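# Got a predicted structure here, sequence first:
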Amino acid sequence: MARKPLIAANWKMYKTPTESTAFLTTFFPLIKQNSQVEIVLCPSMTSLPALTDAARHTSVYIGAQNMHWHENGAYTGETSPTMLTDLGATHVLIGHSERRQYFNETDTTVNLKLKSALAHKLIPIVCVGEHLNEREANLTASVLELQVSVALEGIDPATAAPIVFAYEPVWAIGTGRTATPEIAEEAHQLIRAQIAKSLTPALAASTRILYGGSVKPDNAASLCCLEDIDGALVGGASLDPTSFAQIIANATAK
Ligand code: PGA
């Protein structure tokens, strides 16, 4: 089954609503010709209303960087899935390594959020990846298998088609170091094999797996769309509309 490439921008804690809207004004004309790639922008929560408004009836999707798994409750500072869908958000990042590192997210909370996103018809982009010390200790395969298997625990394969994974080796995020295409391909194959075990071989074949970690215009062609790589999750280089549009163009130029 053909997997449509997806390229997502993770703006992290950058851009006010005014700056986010200004980005879109410059960005839209640059991607006018695009139809091959699903483009998703994940701004901060405060920019979501402005961006979901501005992107309505366009080919650009708007996602959140995080959400709680409950619909409501006494969870000060959190955002629920229904709050996101009410705004028109369609995607949500789950388990980004910065959430795991600084906000104590675990594979178990990733699993709860993934189930909730699916139940609320949000397309989850589940981030997994090993730390440098784990790679150096030859633990990459076991780390990825554990992260993917716990994320998928108890998920009914009949509901799992929307799930997207992002392989983001932690040592490549914001460091300027990228995985080689061979390293990325190998990790993506491991993730796909674990999806086959946890869900079904058919879902493993149809699930999109993105690469993330210092993707830039000049490495997008070699990293974004290989045999097992179905797009990219882009941090720093997505903050500038020209650079992000160039990544989209280069990734699909082959
Ligand atoms: P980066 O971030 O492209 O700046 O390395 C990627 C990410 O954190 O998703």
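Right, received. Where do you want to start? The shown structure was predicted, so the numbers you read here are calculated from the model rather than taken from an experiment.

# Give me the phi and psi for the residue in the stretch 151-254 of the chain positioned nearest to the ligand.
Closest approach between the stretch 151-254 of the chain and the ligand, counting by C-beta to the nearest ligand atom: residue 235, at 2.2 Å. Where C-beta positions appear, they are placed from N, C-alpha and C, glycine not excepted. Residue 235 adopts backbone torsions of phi -90, psi -100, taken as degrees, to the nearest 10.

# Give me the nearest residue to it, chain neighbours excluded.
Distances taken as C-beta to C-beta, 6 or more residues apart in numbering place residue 10 nearest to residue 235, at 5.0 Å, with adjacent residues excluded.

# just checking, that neighbour touches residue 237?
No - judged on C-beta atoms under 8 Å, residue 10 makes no contact with residue 237 at a distance of 10.4 Å.

# between the two, which one's more packed in?
Applying other C-beta atoms under 10 Å to residue 10 and residue 237 shows that residue 10 carries more neighbours, namely 26 against 19.

# and that one, what does it touch?
Residue 10 makes contacts with 42, 65, 93, 96, 212, 233-235, 238, as judged by C-beta atoms under 8 Å, 6 or more residues apart in numbering.

# now do residue 184
Applying C-beta under 8 Å, 6+ apart to residue 184 gives the contacts 167, 211, 223, 226, 229.

# so the fourth one makes contact with residue 182?
Right, residue 226. No - contact between residue 226 and residue 182 fails when scored by C-beta under 8 Å: they sit 9.5 Å apart.

# the more surrounded of these two?
Between residue 226 and residue 182, residue 226 has the larger neighbour count (other C-beta under 10 Å), namely 15 against 9.

# What does that one show for phi and psi?
Per-residue torsions, residue 226: phi -90, psi -180 (degrees, to the nearest 10).

# contacting residues around it?
Counting by C-beta under 8 Å, 6+ apart, residue 226 touches 181, 184-185, 188.

# if we go to 10 Å?
The contact partners of residue 226, by C-beta atoms under 10 Å, 6 or more residues apart in numbering, come to 181-182, 184-185, 188, 211, 254.

# How about residue 6?
Shown in contact with residue 6 (C-beta under 10 Å, 6+ apart): 37-40, 61, 91, 123, 125, 164, 166, 208-210, 224, 230-233.
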